[in-house]
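>>> Structure for the following, please:
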Amino acid sequence: MRKLSLFGIGALLILSIYLLRPAGELPRSAEVACLSSAGQFQRFGAPPPAVYGMGLMYAGHIRETGSRMLPGELPPVFRKAKAALQAYGDSDLVLPDAAAVAAALEAVEPGLGAELQQGQGELAPLVDYEVELGLVLLEAVSVAQLQRPDFVPKLGYFVANDFTARSVAVMGEGQVNRLDYWAAAKSFPGFLAMSEHYWQPRHSDVNSALCITLSTWVNSELRQRAPTTELLYRPRQILALVLQHNSLKSLEAGTLILTGTPSGVAIQTPLWQSRLAALLGLDRYSKLTALQRRRGFLAAGDEVVVEAEWLGVVRTRVRPPQLASSLVSDITTEN
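This next block holds a predicted model:
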């Protein structure tokens, strides 16, 4: 009995060392030349031809989600449905109901939505907030141009809230087309809240970036705050990544790119929990069940404010789901 106890203690010790061991070295922020505040604001006009988002662009966010970025690994890039942008400036966000969540999953993986509705019951969307610095292309950009070391893309900057239905995104874990789930999770109507204006710098160069602090408040509680100098890539590199990931030769003028969110989101998963889940072989269904018990996701009545200092502020009021909801993403038709 004593030997068994000693064995058990030893096993727990080994398990603790495995789970709590330090994470590997996280990616380092890009070295940038900070833009001066000299420039001008312009109002957005026509709807964008395309909207792209990027994930795991801040070391703090990589750490808080228990994610890993191997040396040389590129960040996730996904295409967001244009329907996510319903209005510029302050707006309402109507929470997708269970039927809309199931329909979004069905569009990515036929049969999954119906399966989850039967097994999970009421499918909550688990909506998360994500303050982000946005880029708007003021001129078309091609791969050939970006291959020139002296090429300076003409960009505008804005602040945005890239909302995410985590119940949809988590179902992509372990799937080959994981980013299709991410795209669907971020493409419900109203899931892109952004400022009415963008700012265009007067002067910039190949290493230029806007150095500004991003913040998020939920019902006046500060949830996120970080400087954009912690971004892992410069704007010029970000354009190249979007083109490479989507196998494109060029991006049209007016294209929007969301550059990722810093730490402080609702779906925080310590690294030890991610390791334990992998050790136990928990599948995506188990992870969704666990996620449904979490607190911190947005609820009807909440007000979310994202800010980027002098660049702008965007307020979003969260509304309850509508009956007979038609909040189904058209992401599959855009890709």
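>>> which secondary element of the protein has the worst mean pLDDT?
Least confident element among the helices and strands of the chain, by mean pLDDT, DSSP states H and E: helix 331-334 (a mean of 49).
>>> doesn't H61 make contact with P27?
No. Using Cβ atoms under 8 Å, P27 makes no contact with H61, being 11.0 Å away. Quick note: C-beta positions are derived from backbone N, CA and C, even for glycine.
>>> So these two - more neighbours on which side?
Neighbour count, other Cβ atoms under 10 Å: between P27 and H61, H61 has more, with 22 against 17.
>>> wait, the more buried one sits on P262?
Yes. Counting by Cβ under 8 Å, P262 is a contact partner of H61 at 5.8 Å.
>>> M171 belongs to a strand?
No. Going by DSSP: H, G, I helix; E, B strand; the rest coil, the assignment for M171 is helix, not a strand.
>>> Of all the residues in stretch 310-318, which ones are buried?
311-316, 318 (16 or more other Cβ atoms under 10 Å).
>>> Quick one: mean pLDDT for it?
Stretch 310-318 shows a mean pLDDT of 97 in the predicted model.
>>> Beta-bridge partners for E132, please?
Bridge pairing for E132 (DSSP bridges) gives the partners A160.
>>> Need the per-residue pLDDT for it.
98.
>>> same check, this time on I14
68.
>>> Equivalent analysis for P227, please.
So P227 comes in at 97 (pLDDT).
>>> Was I right to think it contacts T213?
Yes. Using Cβ under 8 Å, P227 is in contact with T213, at 5.0 Å.
>>> where along the stretch 51-200 of the chain do the strands fall?
Listed in chain order, the strands of the stretch 51-200 of the chain (DSSP state E, counting those that start in this stretch) span 51-54, 77-80, 91-94, 127-128, 131-137, 141-142, 155-162, 164-165, 192-194, 197-201.
>>> Any chance you could list what contacts the last one?
Counting by Cβ atoms under 8 Å, 6 or more residues apart in numbering, strand 197-201 makes contact with 35-36, 38-44, 134, 136, 138, 154-158, 208, 210, 311-312, all of which sit outside it.
>>> Report the two of the buried residues of stretch 310-318 separated the most.
By the measure Cβ to Cβ, L311 and V318 form the most distant pair in the buried residues of stretch 310-318, at 23.1 Å.
>>> So, low pLDDT: which residues of the stretch 101-250 of the chain?
120-121 (pLDDT under 70).
>>> and if we set it to 90?
The model of the stretch 101-250 of the chain has pLDDT under 90 over residues 114, 116-123, 173-174.
>>> what about the helices in it?
For the stretch 101-250 of the chain, the helices defined by DSSP state H, counting those that start in this stretch occupy 112-120, 143-146, 166-169, 178-185, 235-245.
>>> The next helix-or-strand element following the longest one packs against which elements?
Pointing back at helix 235-245 there. Per DSSP states H and E, the first helix or strand lying C-terminal to helix 235-245 is strand 250-251. With contacts defined as 3 or more Cβ pairs under 8 Å, 6 or more residues apart in numbering; DSSP states H and E, strand 250-251 has these neighbours: strand 141-142, helix 235-245.
>>> Which one of those lies nearest to Y52?
helix 235-245 (5.0 Å).
>>> by contact count, what packs against the closest one?
Where contact means 3+ Cβ pairs under 8 Å, 6+ apart, helix 235-245 is packed against strand 51-54, strand 77-80, strand 131-137, helix 143-146, strand 250-251, strand 256-258.
>>> what would those look like in JSON lines with mean neighbour count and distance to V242?
What follows is the helices and strands packed on helix 235-245, written out as JSON lines (neighbours: other Cβ atoms under 10 Å; distance: least, Cβ to Cβ, whole Å):
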{"stretch": "strand 51-54", "mean neighbour count": "26", "distance to V242": "5"}
{"stretch": "strand 77-80", "mean neighbour count": "24", "distance to V242": "6"}
{"stretch": "strand 131-137", "mean neighbour count": "24", "distance to V242": "10"}
{"stretch": "helix 143-146", "mean neighbour count": "14", "distance to V242": "10"}
{"stretch": "strand 250-251", "mean neighbour count": "19", "distance to V242": "7"}
{"stretch": "strand 256-258", "mean neighbour count": "26", "distance to V242": "6"}
